[in-house]
Every structure is written in structure tokens, then in C-alpha cells.
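**Q** based on what follows, work out the 3D shape:
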Amino acid sequence: MRYNQKIVLKNGKEALLRNGDTADGAVVYDIFNATHEETDYLLSYSDENTFGPEQEAKFLEEKAKSPDEIEIVALIDEKVVGLAGIESVGKKYKIKHRADFGISILKEYWGLGLGKALTKACIACAKEAGYTQLELNVVAENEAAMSLYRSLGFVEFGRNPKGFNSRISGYQELVYMLLEL
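**A** Residues are numbered from 1 along each chain as shown. Have a look, this model is predicted:
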């Protein structure tokens, strides 16, 4: 699946949203680790990353060749500052209509509209791939993310009061959200 779009952010700067590719492996590896160190709202900690730059490059190559999955990188001034993607929940008939969505952006670029643009890009890709449902998990106290997802039509369908066990704050409630495409 391919994606390539330029957008203008709230600060007037231009950002490029495009497929990650093998040449981005090392920088995407670094961005993944940096974003996972900056917030306690993501699934894992940087020290739990089992990928190295080479595995990241291979992952990006596989996503670029996939007809129904994608990993998008966001660049500002030719610097990767965020990542977002969709993955199939599974290939079996009963679940092949569903995709998972994930996103991470370097903290210094929060609040510029990049999260909304990346989310919209992934929604468009999910529709193009033929999915009828896009799903995500979000930490309940992450009000900015919850507000963004609701503004784009995602609805809550459940909660897990001990969904994450944070090293910093203990248990975190996870909100399960979905968007019917």
C-alpha cells in the first residue's frame, strides 16, 4: 500500500506523510525508541523494543509491499517526527474486516495537527484496503488523544481498568475505540 501527501500544520510548516521504506529503518528505530521514552501512554518501553534498525527496515519494506497494511512516516524539514500505521487484526474470515491503528509522535511536535493528519491518512488507507472497522486502544487519561479520535468518528466500545501496568503510575485504564468505515 502506498501513501504520499503534503500537509500544512497549524504553525504554517509543511509536513510530508509517506510510506516508510528500507532506507528509513535506522531513523524509524530511533523515533520509535524516543517516542516510547517521552510518554507513558504507548504499549511498551524503549528497553522492550525487540527490533534493531535492520529489523525495522525489513518491517517497513514489508508494509510498503503489503496491499492492506501500511506504516506512514511524518517528516518536517526532512526529519522523521512521527509514525502511524494500520495492521490487519487477522486473515481469518471472521476477523479480516478489522484493522488495528497505532500512532506515535515526538512530543515537541504535539499540538500541530500532525496526529489528526496521520490518523486521517490511516483511515483513508484502511478504507482503500477494504477494512470495514478500524480499532485502537488509548489510555483513558490521555484526554487529547481521546478527543482527537472522537472528533474523527471513533466511538468507545469498552474499557479495561487494568489494561496497562505502568512502571510510573501503576495500572492504567485502557479505552477500546473503533471507527466503522
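
**Q** stretch 43-60: which residues count as buried?
**A** 56-57, 59-60 (16 or more other C-beta atoms under 10 Å). Just so you know, the C-beta spots here come from the backbone N, C-alpha and C atoms, and that holds for glycine as well.

**Q** hmm, I typed the wrong one, I wanted stretch 78-85.
**A** 80-85.

**Q** distance check, the closest residue to D68 other than its chain neighbours against P67.
**A** In space, D68 comes closest to A129 once its chain neighbours are excluded; the distance is 3.9 Å by C-beta to C-beta, 6 or more residues apart in numbering. The gap separating A129 from P67 is 7 Å, by C-beta to C-beta, to the nearest Å.

**Q** tell me, what's touching these two both at once?
**A** Shared contacts of A129 and P67 (C-beta atoms under 8 Å, 6 or more residues apart in numbering): M1.

**Q** more neighbours: which of those two?
**A** In this comparison of A129 against P67, neighbours counted by other C-beta atoms under 10 Å, the higher total goes to A129 at 17 against 9.

**Q** returning to what we had before: and the buried residues of stretch 78-85, which two are the farthest apart?
**A** Of all pairs drawn from the buried residues of stretch 78-85, the greatest distance, 15.2 Å, lies between V81 and G85 (C-beta to C-beta).

**Q** which ones are touching the residue nearest to V89 when sequence neighbours are not counted?
**A** The shortest distance from V89 to any non-neighbouring residue, by C-beta to C-beta, 6+ apart, is to R98 (4.0 Å). For R98, the set of contacting residues under the criterion of C-beta under 8 Å, 6+ apart consists of 88-90, 131-135.

**Q** could you give the bridge partners of R98?
**A** Applying DSSP bridges to R98 gives these bridge partners: Q133.

**Q** can you pull the buried residues of stretch 25-40?
**A** 25, 27-29, 31-32, 35-36, 38, 40.

**Q** ok, of the residues you listed, which one's closest to V155?
**A** D40 (24.7 Å).

**Q** just to revisit the earlier point, need the buried residues of stretch 78-85 in JSON lines with pLDDT, distance to N4 and secondary structure, can you?
**A** Converted to JSON lines, the buried residues of stretch 78-85 look like this (pLDDT from 0 to 100; distance: C-beta to C-beta, whole Å; DSSP: H, G, I helix; E, B strand; the rest coil):
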{"residue": "V80", "pLDDT": "97", "distance to N4": "15", "secondary structure": "strand"}
{"residue": "V81", "pLDDT": "98", "distance to N4": "17", "secondary structure": "strand"}
{"residue": "G82", "pLDDT": "98", "distance to N4": "15", "secondary structure": "strand"}
{"residue": "L83", "pLDDT": "98", "distance to N4": "15", "secondary structure": "strand"}
{"residue": "A84", "pLDDT": "98", "distance to N4": "14", "secondary structure": "strand"}
{"residue": "G85", "pLDDT": "98", "distance to N4": "15", "secondary structure": "strand"}
